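**Q** please find the sequence and the predicted model below.
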Amino acid sequence: MKKLTSLFLILCIAIGFTGCYEMSEEYTIAADNSVVFDMNMDMGKLFEMVAAMGGEEEMKNNPEFAKMQDTTIYFKSFTDTASELSAEQKALLENGKMTMKMKMEEKIFKMNFQFPYKTLADLNKTWDPANQESFAKVMNKVLDQKKEEDEEEGEEEGEKKELDKLNMLQNIYKTNFTNGKIERTVLDESAIEKLKSDESFAQMQQMSAMLGAVKISTIIRLPRPAKKTTGEAVELSADKRTVTIKYSLDKMIEDPKSGAFTLEY
């Protein structure tokens, strides 16, 4: 693997299509409807998978991989010069940051993406499919701080295909945040069929059998108690201010509606 971008994309596909991680998406909503979004990924099992495939020593000796240890990167340094982003898109991303902690010997590999938003409407814009491709390109730049000039022929096309797979997974649901109501609905059930026909789906099933199913949690911290919730996986805290939805990627693919919910507060 020659570039950090390529490494990140491969890790993302591992995230989306194998059982090597746990992920939580967390939304903390303030009384003024500002919100902080955190996406946390625990990919420690990735090292177990690499070791099982005999690639641990190669990874340890890879200087590009070594650069990724214990890093904090601020998106503003990339959005300022991102010609593919509109002014509005830059404003959505510029206050974000990525923090990564990695200790191979202890099988620790954790990533956190954090984005603060002034309004719930801004959060909705971030998840708009129309923005996803541009945002993904910036994500790549964040982890590709020192891009090699001798880029391999065909590498960009390969990355595009991987991004298409990620978009396919993202487009299964639509989540809409408004003052007093949050709703996640199934956007495109045909995306599930596309996933099943992809060769990576077979890899996911193989890895899940070896490393366990991908576990996903959605945690929403409310400014006031919830009044009503629907959804088979919804859990409500005693004070009704924290909502947790837990499911697995396998379950989501088997029954997309298992990840859907409605929350009124």
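**A** Thanks, I have the structure now. Remember, predicted model here, so these are calculated numbers, not experimental data.
**Q** past the regular element (helix or strand) spanning residue 252, which element shows up next along the chain?
**A** Using DSSP states H and E, residue 252 sits in helix 249-254. The first helix or strand that comes after helix 249-254 along the chain, using DSSP H and E, is strand 261-264.
**Q** that next one pairs with which strands, and in what direction?
**A** Using DSSP bridges, the neighbouring strands of strand 261-264 in the sheet come out as strand 181-186 (antiparallel), strand 228-230 (antiparallel).
**Q** show me the strands in the stretch 151-265 of the chain, by range?
**A** For the stretch 151-265 of the chain, the strands defined by DSSP state E, counting those that start in this stretch occupy 173-178, 181-186, 215-221, 228-230, 234-236, 242-248, 261-264.
**Q** got these as JSON lines, with mean neighbour count and mean pLDDT columns?
**A** Every C-beta, even on glycine, is put in place using the N, C-alpha and C of the backbone. Listed next are the strands of the stretch 151-265 of the chain as JSON lines, based on neighbours: other C-beta atoms under 10 Å; pLDDT from 0 to 100:
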{"stretch": "strand 173-178", "mean neighbour count": "17", "mean pLDDT": "91"}
{"stretch": "strand 181-186", "mean neighbour count": "17", "mean pLDDT": "94"}
{"stretch": "strand 215-221", "mean neighbour count": "19", "mean pLDDT": "92"}
{"stretch": "strand 228-230", "mean neighbour count": "12", "mean pLDDT": "96"}
{"stretch": "strand 234-236", "mean neighbour count": "15", "mean pLDDT": "95"}
{"stretch": "strand 242-248", "mean neighbour count": "19", "mean pLDDT": "91"}
{"stretch": "strand 261-264", "mean neighbour count": "18", "mean pLDDT": "97"}
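**Q** re earlier: how about the strands paired with strand 261-264, which one is nearest residue 216?
**A** Proximity of the strands paired with strand 261-264 to residue 216 was assessed by C-beta to C-beta; the nearest stretch is strand 181-186, lying at 12.1 Å.
**Q** what does the closest one rub up against?
**A** Counting contacts by C-beta atoms under 8 Å, 6 or more residues apart in numbering, the residues outside strand 181-186 that touch it are 172-176, 218, 220, 231, 256-257, 259-265.
**Q** that older thread, make JSON lines out of the strands of the stretch 151-265 of the chain and add distance to residue 84.
**A** Putting these into JSON lines (distance: least, C-beta to C-beta, whole Å) gives the following:
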{"stretch": "strand 173-178", "distance to residue 84": "24"}
{"stretch": "strand 181-186", "distance to residue 84": "28"}
{"stretch": "strand 215-221", "distance to residue 84": "29"}
{"stretch": "strand 228-230", "distance to residue 84": "38"}
{"stretch": "strand 234-236", "distance to residue 84": "37"}
{"stretch": "strand 242-248", "distance to residue 84": "33"}
{"stretch": "strand 261-264", "distance to residue 84": "33"}
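**Q** which one, of those strands, ends up nearest to residue 117?
**A** strand 173-178 (9.4 Å).
**Q** report all helices and strands that that closest one contacts.
**A** In terms of contacts (3 or more C-beta pairs under 8 Å, 6 or more residues apart in numbering; DSSP states H and E), strand 173-178 is packed against helix 120-126, strand 181-186.
**Q** can you put the ones you listed in TSV and add distance to residue 44?
**A** Supplementary listing: the helices and strands packed on strand 173-178 in TSV, determined by distance: least, C-beta to C-beta, whole Å:
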stretch	distance to residue 44
helix 120-126	27
strand 181-186	28
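**Q** hang on, the earlier thing: tell me what the helix holding residue 252 is packed against?
**A** Using 3+ C-beta pairs under 8 Å, 6+ apart: helix 249-254 touches helix 190-197, helix 199-211.
**Q** lowest mean pLDDT across these, which one is that?
**A** When mean pLDDT is averaged over each of the helices and strands packed on helix 249-254, helix 199-211 scores lowest at a mean of 61.
**Q** pLDDT on stretch 98-115, on average?
**A** Mean predicted lDDT for stretch 98-115 stands at 85.
**Q** in the helix holding residue 252, which residues are buried?
**A** Buried residues in helix 249-254, counting neighbours by 16 or more other C-beta atoms under 10 Å, are found at 249-253.
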